[in-house]
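A.B. asks: this is the structure alone, sequence omitted:
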Ligand SMILES: CCCCC/C=C\C/C=C\CCC/C=C/C(=O)SCCNC(=O)CCNC(=O)[C@H](O)C(C)(C)COP(=O)(O)OP(=O)(O)OC[C@H]1O[C@@H](n2cnc3c(N)ncnc32)[C@H](O)[C@@H]1OP(=O)(O)O
């Protein structure tokens, strides 16, 4: 029996769907998770009644821990390639969506989790000091690909991205608000109602005008990946299967386990 990684609830009266990521313990983005997510986005995109999506998590304290590290460690080049195509597909569907996308970030959101959030149109984060968000790839000894970097530049600008990416910074909610990585903070109990009310403001704009504007802003980066999609896969596989990178991933996973113990 297939496992479900996300719950999708569509409200036909508002035209808004809520996608709840539900893959304990940390909503890590496995090949299967990413595949299911992309299919769900495609279904909603095809549904003419669906105009907006709120992305959130049903796992306590975690929005998403990012890419599933076990999908990149000790795997064959073929598996790594299939995994990376699924990561690309998730981003293409989310960043390229014509729907209004709002991230209700109710927990920590490192790396690929941050990518999902910054691929949305608007971000509201729970104001809890222990939560953090950012692209921390360099801390794992890996490099955020150009389309992660460009998504961040489009969100917070060039200088802040350069600083953030080189140091692999993770921001607490007030810091994330200050740098522009999130648009608004909210208490946990009001997060979803605030997301719905922000959605109503966006729904008031005629779809065609908003969609063309969104596409105008995002198309150049999307086209850049589409033009070199297979080369990007090969680049990832070559990089991630290097002994030195595998060693870094191994050490990082050991560090995560030790932190726990
Ligand atoms: C030279 C040119 C190169 C060009 C570039 C080419 C290609 C690009 C190459 C690579 C790009 C890759 C981009 C990568 C993106 C990513 O997303 S990598 C993943 C990064 N994620 C993280 O760093 C998060 C790590 N996790 C945490 O910090 C914490 O787990 C937490 C999310 C804050 C939650 O903390 P807590 O509640 O305390 O939970 P635990 O730490 O105890 O974790 C519970 C179990 O979950 C396991 N786990 C955590 N995160 C992941 C993960 N991302 N993947 C897989 N598994 C994860 C953790 O180990 C625990 O497992 P056990 O219960 O111990 O078995």
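C.D. replies: Yep, that arrived. Note that the coordinates shown come from a computational prediction; the quantities given were computed from them, not determined experimentally. Numbers count the residues shown, from 1 in each chain.

A.B. asks: only C-alpha atoms from now on, for both contacts and neighbour counts.
C.D. replies: OK.

A.B. asks: would you mind checking the average pLDDT for stretch 115-126?
C.D. replies: Stretch 115-126 carries an average pLDDT of 98.

A.B. asks: measure that stretch end to end?
C.D. replies: With C-alpha to C-alpha, to the nearest Å as the measure, stretch 115-126 spans 17 Å from end to end.

A.B. asks: swap in stretch 134-154?
C.D. replies: Using C-alpha to C-alpha, one end of stretch 134-154 lies 14 Å from the other.

A.B. asks: that one vs the ligand: in contact?
C.D. replies: Yes - counting by C-alpha under 6 Å from any ligand atom, the ligand has neighbours in stretch 134-154: 137, 142-145.

A.B. asks: buried residues in that stretch?
C.D. replies: Buried residues in stretch 134-154, counting neighbours by 16 or more other C-alpha atoms under 10 Å, are found at 134-138, 141, 143-144, 147-153.

A.B. asks: the longest helix in this structure is where?
C.D. replies: When the chain is parsed with DSSP state H, its longest helix is helix 207-227.

A.B. asks: show residues contacting the helix or strand that comes right after it.
C.D. replies: As assigned by DSSP states H and E, the chain's next helix or strand after helix 207-227 is helix 229-240. For helix 229-240, contacts defined as C-alpha atoms under 8 Å, 6 or more residues apart in numbering pick out 72, 77, 80-81, 84-85, 225, 245-246.

A.B. asks: what angle separates the strand or helix carrying residue 256 from helix 229-240?
C.D. replies: When elements are assigned from DSSP H and E, residue 256 belongs to helix 243-260. Interaxial angle, helix 243-260 versus helix 229-240 (axes from the mean of the first three to the mean of the last three C-alpha atoms, to 10 degrees): 70 degrees.
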